[in-house]
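Enquirer: Take a look and give me a structure for this.
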Amino acid sequence: MRRPLILALTVAGVLLAALRMAGSASAHSLLVRSAPVADGLLGSAPTTIEMWFSEPLEPAFSSARLIDTAGAEVPTGAPLVNPADPLHLTLPLVALDPGIYTVAWQTLSKVDGHEWFGSFPFTILNPDGSQPGGSAVSVEGGRRGELPSPSEAGARWLLLAGGMLLFGALVFQALLVEPVRFPQLTPTLTSLLRTILPAGTLAILLGSIAQLALQALRLGGLGELPELVTATRTGAFMIGRAVLVGGLLAAQRMDSRRRATAPSRTTLVLAAGLLLTLSASSHASAAPGSLFVTLSDYLHLLAASAWVVGLVLLPILAWRARLAGANEEFLPLVRRFSRLAGASVYILALTGIFAALVELPNLQALWRTPYGQVLLIKLALFAVALGFAYFNNRSVRSAEASPRLPRRIGWEGAFGVLLVVSVSVLVQTPTPRSLAIPAQPAGPVLPFSSIVSADDLTIHVQVDPNQVGSNRFWLHLFRIDGSSIGEVQLVRLFFEYQDQPLGKAIADLDPLGQNTFGTEGAYLSQVGRWKIQVYVRRRGVDDVLSSFDINVALGAASSSAPASLSYPTPGIPPLALFGGLVLCIGLVPLLWRGELRSGFPTLYPKAIRVAGALTGVGLVALGFGVSDLLTTHVPLLERTNPIPASAESLARGEEIFAESCIICHGPAGKGDGPVGVMLNPRPPDLQLHMLPGVHSDGQLFEWVTSGFPNSEMPAFDEDYSEADRWNVINFIRTFADRPSP
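Expert: Numbers count the residues shown, from 1 in each chain. Next comes the predicted model:
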């Protein structure tokens, strides 16, 4: 156990480092986006409510309803899960009057069988554009916290404990106990299994029934239980477990009739199949690359079963051995188990790290999310169990076992059982994995930025990041000649999707000062072509209405089902993951070289050479992968200025500004240079545009590099180095601190 323990601690450090450097990467079907958007203001009534969720839905138990301000349910058509897109739920509507409405939804994930509930409001404006009276209702029924209830955790624990007990006990019997070497302990274990197997099968059946019954109560009552069993993936798994349990009992009965001292292959395969049903209905089955993640979770569960159940059985066998006067058989048995335990801990450490890289987007998620906090408890219990394992291993390696060894093994097993309790909570807690699961990585998309004219006004419009989901909308109103535009009373945006009729959404922008206005919201809910109209009302001047077209890209808020063969850890370069895997495989013969030399002396030299080669390849690949991770390309819009605003940088930036920029922007950046006053549109006022929060460093760098769209500003990528372009940005940032004349 010492070598796997040291390796586990080392790999834990690697995990922390990887999470620290990894970028963003949930089980439960949670709402990703909707049309109309949450809190949307609609100029006309929609004909449907469209919702997209993070996981495929069970059609029989996923629904939505519409509620008015009085709390009464509004008649609608039947909600429908799209057969071609199980993430998509549609609620058909009848003609709706102006008012404030609340959409209340409930989902049951087809992937992991977890249910969830939520709601969001939207408003249909009066014909004159005013908001109707009333307020959205609060929908509390069916809401649940992120952590499972004690009864839910208990049901899952029964299921886990039963499956692990069956498989672990059979593996213990098959691999460790031989009648020739352990003539007194073998009958004792055989007798013990006659109690363990019925207890394990009973726990599996009770846990499955309890889990479905609790779910039925949350979804409307026990009357839903028959449909849950017959019409859902969760019910299908329960039926499958019942069949496997029946087959396992029959196979074990045949083993007993043959008076076999070890379980048959059929019995072991059926017990392993029971554990596979648990991994196939866990968080792993909802992850990108679910085939790989589920396989890893399954190996994790198999290893945990062999380790924990062995720790539970050994103290019982020690007590039985003492009663039967067979103490001399106990220490050799523990030594044999130590090898199995070491391999199990090695597999647990590696698969646990892989699961954490899949489920945790960054290191902070370990303590900032309920899932991470439960995981920390699990890791603490695992560390304590490994501490007992270390001292137990020292005792086993000594000439004689300590009389306290069975007790310490019992403590190690007790913490193993607590580990299973923590897992029963963990598998029912939503993971921090991003709700956004794009079908393919979105290409680099720059914010929409354009200048449009309307009567006497020029309007600079920016939509950031110009993707499906939440966007920031920013407008600057000005006149070409620099004169006052008057008192602005209202700036409103109208959003209309061009590819299909969804009605109009409306957003009123907040004044930000100096004739700039902005808001943020998920008004762009579909990929494709949108028309956005800008309405400006000023005192004593005719209203202005202008429009522009925008192509919206697939963004982080888009939803599509993860592919089972897709890459499971987008925050980690593939070369790093491949290198780590090869390295771990190569280390196996090196860590267990003593056992390999004694058990396979002829293969030992070749195995060591292969192990050395694999270790070398793994280290090289891991090194290149970590290098890629450290130098991962940061999207342009997320880049910050790498050059400090030192006196030297500002001086160089001022020199470049005088050479190429002052002719248009003017000495104070007001857009009043000798050429700038003749341009249409006129260069923007940098004293305004350099205010903190208006434009990011990445946006400014893109415009300096490639030119400003729909204007006369040229590209400077061939005229100045990247460092000089950052220098000039440092300089023009100083315009924000200059007082207006």
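Enquirer: for the chain, where's the lowest mean pLDDT among helices and strands?
Expert: In the chain, no helix or strand scores lower on mean pLDDT, DSSP states H and E than helix 2-21, which sits at a mean of 41.
Enquirer: That one: what's the following helix or strand?
Expert: Remark: after helix 2-21, the chain's next helix or strand is strand 31-35, criterion DSSP states H and E.
Enquirer: Per-residue confidence, His28, what does it come out as?
Expert: What the model reports for His28 is a pLDDT of 53.
Enquirer: Next, give phi and psi for Ala242.
Expert: Dihedral angles phi and psi of Ala242 (degrees, to the nearest 10) take the values phi -60, psi -40.
Enquirer: That one reaches Leu205, doesn't it?
Expert: Yes: Ala242 sits in contact with Leu205 when judged by Cβ atoms under 8 Å, with a separation of 6.8 Å. All C-beta spots, glycine's among them, are computed from the backbone N, C-alpha and C.
Enquirer: Now stretch 175-194 - C-alpha only, CSV.
Expert: What follows is stretch 175-194, C-alpha atoms only, in CSV (Å, rounded to 0.1, in the frame of the first residue of the first chain):
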residue,chain,number,x,y,z
LEU,A,175,-9.1,-13.9,-5.7
LEU,A,176,-8.0,-14.3,-2.1
VAL,A,177,-9.4,-17.4,-0.4
GLU,A,178,-8.0,-20.8,-1.5
PRO,A,179,-9.0,-24.0,0.4
VAL,A,180,-5.5,-25.4,0.2
ARG,A,181,-3.8,-22.3,1.7
PHE,A,182,-6.7,-21.4,4.1
PRO,A,183,-8.4,-24.6,5.0
GLN,A,184,-10.1,-23.1,8.1
LEU,A,185,-11.0,-19.6,6.8
THR,A,186,-12.5,-20.9,3.5
PRO,A,187,-15.5,-22.6,5.2
THR,A,188,-15.9,-19.5,7.4
LEU,A,189,-16.1,-17.2,4.4
THR,A,190,-18.4,-19.5,2.5
SER,A,191,-20.8,-19.5,5.5
LEU,A,192,-20.5,-15.7,5.7
LEU,A,193,-21.4,-15.3,2.1
ARG,A,194,-24.7,-17.1,2.7
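Enquirer: Could you list the residues in contact with it?
Expert: Judged by Cβ atoms under 8 Å, 6 or more residues apart in numbering, the contacts made with stretch 175-194 from elsewhere in the structure are 169-170, 172-173, 261-262, 310, 313, 316-317, 320-321, 324-326, 329-330, 332-333, 336-337, 340.
Enquirer: where along the stretch 301-450 of the chain do the helices fall?
Expert: Listed from the start of the chain, the stretch 301-450 of the chain has helices (DSSP state H, counting those that start in this stretch) covering 327-359, 365-368, 370-397, 405-426.
Enquirer: wait, I meant the stretch 151-300 of the chain
Expert: In the stretch 151-300 of the chain, the segments counted as helices under DSSP H, counting those that start in this stretch are 185-218, 225-231, 233-257, 265-279, 290-324.
Enquirer: what does the stretch 501-650 of the chain give?
Expert: For the stretch 501-650 of the chain, the helices defined by DSSP H, counting those that start in this stretch cover 574-591, 593-599, 604-630, 647-660.
Enquirer: can you pull the contacts of the closest residue to Gly586 other than its chain neighbours?
Expert: Spatial nearest neighbour of Gly586, excluding adjacent residues (Cβ to Cβ, 6 or more residues apart in numbering): Leu614 at 3.0 Å. Leu614 makes contact with 582-583, 585-586, according to Cβ under 8 Å, 6+ apart.
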